[in-house]
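Visitor: 3D model of this:
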Amino acid sequence: MPLLLLSHFSSTPNSALRPLLSSLLLQPTKSRFYPLLSPKSRPYPLHRTPPSLACHASSRATPSPITTGGVSMDSSPPSLDSVTEDLKNQSLEGAGDGRTDNNSTCRRSLALEDLSWDHSFVRELPGDPRADTMPRQVFHACYTKVSPSVEVENPQLVAWSESVAELLELDPKEFERPDFPLLFSGASLLVGALPYAQCYGGHQFGMWAGQLGDGRAITLGKVLNSKAERWELQLKGAGKTPYSRFADGLAVLRSSIREFLCSEAMHSLGIPTTRALCLVTTGKSVTRDMFYDGNPKEEPGAIVCRVAQSFLRFGSYQIHATRGKEDLEIVRALADYAIRHHFPHIENMSKSETLSFSTGDEDHSVVDLTSNKYAAWTVEVAERTASLVARWQGVGFTHGVLNTDNMSILGLSIDYGPFGFLDAFDPSYTPNTTDLPGRRYCFANQPDMGLWNIAQFTATLTAAQLINDKEADYALERYGTKFMDEYQAIMTSKLGLPKYNKQLISKLLNNMAVDKVDYTNFFRLLSNIKVDPNIPEDELLIPLKAVLLDIGKERKEAWVSWVQSYVQELASSGISDEERKVQMDSVNPKYVLRNYLCQTAIDSAEQGDFSEVRRLLKLMERPFDEQPGMEKYARLPPAWAYRPGVCMLSCSS
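Guide: Numbers count the residues shown, from 1 in each chain. So this is what the prediction gives:
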């Protein structure tokens with residue numbers, strides 16, 4: 001029986017948010033954004049060039065217009081968007097996805113010793129008075145100073161990202177240095193670095209887990225480039241910290257390859273993400289029980305150098321709000337720090353901008369974002385998160401572990417563990433074996449999990465008296481509005497439609513779910529559909545034959561009917577087939593980092609051959625281009641790709 005799919009998201013009035021969130025807290029896997037009879041069938045999409053993620057919230061009554069790929073979405077005149085356009089332009093352009101102007105004529109080429117370090121996090125926030133790595137509760141502190149302790153034996157550089165090196169203005173020749181693997185394994189310390197591990201907590205699978213923290217990640221500090229951008233360098237797998245609990249603080253080559261490649265692949269897809277400068281092997285083995293089934297084995301050790309403007313998470317604030325009145329001031333200090341360094345446009349807001357909006361309550365309450373910078377900041381964090389999740393859904397990406405300690409305040413994809421891109425379209429897909437059987441973090445639930453996590457974040461700020469209940473509700477409302485706006489614009493662009501068509505898109509996603517159609521390849525092939533009324537009915541599906549496999553007569557009729565409706569909708573746009581194909585191919589990637597591609601690279605790397613890792617890195621730098629000779633990387637997954645350990649992984653490193 002066909003699954004009902006997407007009615008498509010209905011907005012929830014502000015007055016209903018409190019009971020809705022109570023329900024959400026009790027039943028976190030119940031979808032708010034997918035009103036379905038079954039959780040097995042749900043959709044989503046993406047922009048190649050994402051719009052600004054600045055805090056330019058429009059009111060629910062007057063949503064801002066969205067333009068995607070030349071398609072203008074019908075909407076009312078903007079409110080907050082137009083008022084804060086200047087603020088939007090002031091925001092750090094690279095804060096979301098790390099993109100900068102690579103055509104700069106004044107690019108510097110620095111040696112590692114010439115990097116300019118900014119240790120504002122250590123300088124401005126309270127730290128742990130102890131510097132040992134004994135596992136313990138760390139109170140009244142945002143970090144612990146701790147040095148990498150990983151043991152190495154002839155470490156090797158596996159791969160490095162040219163575009164991240166450009167962000168740091170590093171000379172490419174630095175990667176040829178004999179001591180480079182020693183420096184980026186943590187065996188030797190970079191000149192000017194001041195290493196520390198961050199303290200944070202989090203909800204894991206809906207339950208408060210208490211203190212978590214950087215158990216195997218050690219930040220070296222922030223590098224300040226000539227554009228006054230701060231880029232935090234962090235070694236993942238560099239050894240024990242006080243937050244390691246019973247673990248060894250190390251990482252294996254398998255998970256390190258996945259994180260390195262996916263960080264860069266997501267950036268090239270236009271999705272906000274932490275980045276990865278380089279990947280090195282340690283030359284030592286690490287013991288891991290991949291499936292937690294009592295069968296540990298030795299695996300090669302490795303370290304990724306992760307890069308982001310900040311690694312602050314929701315959990316960075318939560319931990320202090322749970323530790324009594326004394327530590328609530330740390331929540332405020334952390335909020336001030338984030339706004340000062342990462343949201344300066346909010347710090348500079350003036351009353352003249354009159355960013356005031358009705359909440360829609362019966363008492364017609366007003367939220368004035370200029371009267372409370374923390375409220376404006378919370379709204380922007382909520383909107384950035386909504387934008388991020390919409391982009392995940394658009395490209396068919398499932399994070400796998402959306403705990404609050406894995407949620408960036410900058411709206412970045414962070415902490416790549418058991419992630420996965422959709423192959424056969426199954427909205428209940430989860431790449432995380434730990435998430436079975438509940439599938440809390442499955443693909444279709446990600447929008448709801450984003451909302452749930454924002455609710456925990458706003459509760460923290462409310463407890464610290466930085467925002468009130470009305471402001472918290474407004475941030476949650478803005479999450480829903482922003483997600484809806486972004487998702488609809490993304491899907492409209494993916495289909496090359498002149499305007500959003502809820503019924504057409506819902507039917508398409510239902511068909512894809514019923515027939516388990518390959519998500520990436522379907523949308524890529526869809527651009528080959530022609531607007532030609534003379535095409536015989538039995539030839540309509542020819543452009544899609546590579547993805548519509550083994551469908552019977554009934555299902556063929558369903559697809560023919562959909563294509564006919566689709567062609568009719570396209571005909572109203574007046575855009576030529578050629579122009580539409582160019583636009584659609586610019587937002588529908590040909591190549592994504594499928595799990596089986598990662599596994600192929602891992603298998604070779606564990607035998608000492610890193611060529612496939614490097615090949616995938618170059619391939620994923622241009623996911624929307626045809627790249628002749630690389631077509632095999634766009635093929636449907638082989639049968640072995642669906643075995644555990646490939647399509648699904650545990651939270652283990």
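Visitor: Quick check, central residue of this protein?
Guide: residue 413 (2.5 Å; Cα atoms, centre = their mean).
Visitor: Setting aside sequence neighbours, what's the nearest residue to that one?
Guide: With sequence-adjacent residues excluded and distances taken as Cβ to Cβ, 6 or more residues apart in numbering, residue 413 is closest to residue 273, at 4.1 Å. The C-beta positions use only the backbone N, C-alpha and C, and glycine is treated the same way.
Visitor: okay, now that neighbour: neighbour count?
Guide: Neighbour count for residue 273, taken as other Cβ atoms under 10 Å: 26.
Visitor: Was I right to think it contacts residue 411?
Guide: No - applying Cβ atoms under 8 Å, one finds residue 273 not in contact with residue 411, separated by 9.9 Å.
Visitor: and residue 573, how many neighbours?
Guide: If you count neighbours by other Cβ under 10 Å, residue 573 ends up with 15.
Visitor: Got the phi and psi for the residue nearest to it when sequence neighbours are not counted?
Guide: Sequence neighbours aside, residue 498 is the residue nearest to residue 573 in space, at 3.7 Å (criterion: Cβ to Cβ, 6+ apart). Per-residue torsions, residue 498: phi -70, psi -20 (degrees, to the nearest 10).
Visitor: list the contacts for residue 498?
Guide: 71, 569-570, 572-575 (Cβ atoms under 8 Å, 6 or more residues apart in numbering).
Visitor: what helix or strand does residue 470 sit in?
Guide: Under the criterion of DSSP states H and E, residue 470 resides in helix 469-495.
Visitor: Select from the contacts of residue 498 every entry located in helices.
Guide: 569-570 (DSSP state H).
Visitor: Show me which of the contacts of residue 498 is closest to residue 528.
Guide: The nearest member of the contacts of residue 498 to residue 528, counting by Cβ to Cβ, is residue 570 at 12.3 Å.
Visitor: measure that closest one to residue 493 for me?
Guide: Taking Cβ to Cβ, to the nearest Å as the measure, residue 570 falls 13 Å from residue 493.
Visitor: Which one's more surrounded, these two?
Guide: Taking neighbours as other Cβ under 10 Å, residue 570 and residue 493 compare with residue 493 leading, 27 against 19.
Visitor: Surely that one touches residue 587?
Guide: Yes - if you go by Cβ under 8 Å, residue 493 and residue 587 touch, sitting 5.0 Å apart.
Visitor: all helices for the stretch 151-300 of the chain, in order.
Guide: Secondary structure of the stretch 151-300 of the chain, counting by DSSP state H, counting those that start in this stretch: helices at 162-168, 180-183, 253-268.
Visitor: tell me which element residue 450 is part of?
Guide: Counting by DSSP H and E, residue 450 is found in helix 446-463.
Visitor: And residue 127, its phi and psi?
Guide: Per degrees, to the nearest 10, the backbone of residue 127 is at phi -120, psi 170.
Visitor: That one bridge partners, please.
Guide: Beta-bridge partners recorded for residue 127 (DSSP bridges): residue 143.
Visitor: Check residue 275 too.
Guide: As for beta bridges, residue 275 partners with residue 307 under DSSP bridges.
Visitor: Spit out the contact partners of it.
Guide: Each residue near residue 275 by Cβ under 8 Å, 6+ apart is listed here: 98, 161, 163-164, 167, 263-264, 267, 306-308.
Visitor: which among those gets closest to residue 624?
Guide: Nearest to residue 624 among the contacts of residue 275 is residue 267, at 13.1 Å by Cβ to Cβ.
Visitor: these two touch, right, that closest one and residue 274?
Guide: No - the criterion here is Cβ under 8 Å, and residue 267 misses it with residue 274 at 9.0 Å.
Visitor: Give me the more crowded residue out of these two.
Guide: residue 274 (26 against 23).
Visitor: SS state for the residue located most distally from the centre of the chain?
Guide: In the chain, residue 534 marks the outermost C-alpha relative to the chain mean, sitting 43.5 Å out by Cα atoms, centre = their mean. Classification of residue 534 by DSSP: H, G, I helix; E, B strand; the rest coil places it in coil.
Visitor: Quick check: it vs residue 335, distance?
Guide: Residue 534 is 62 Å from residue 335, by Cβ to Cβ.
Visitor: picking up where we left off before, let's have the helices of the stretch 151-300 of the chain in a markdown table, adding distance to residue 122.
Guide: Output for those, formatted as a markdown table (distance: least, Cβ to Cβ, whole Å):
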| stretch | distance to residue 122 |
| --- | --- |
| helix 162-168 | 19 |
| helix 180-183 | 20 |
| helix 253-268 | 25 |
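Visitor: Highest mean neighbour count across the ones you listed, which stretch is it?
Guide: Comparing the helices of the stretch 151-300 of the chain by mean neighbour count (mean count of other Cβ atoms under 10 Å), helix 253-268 comes out on top with a mean of 25.
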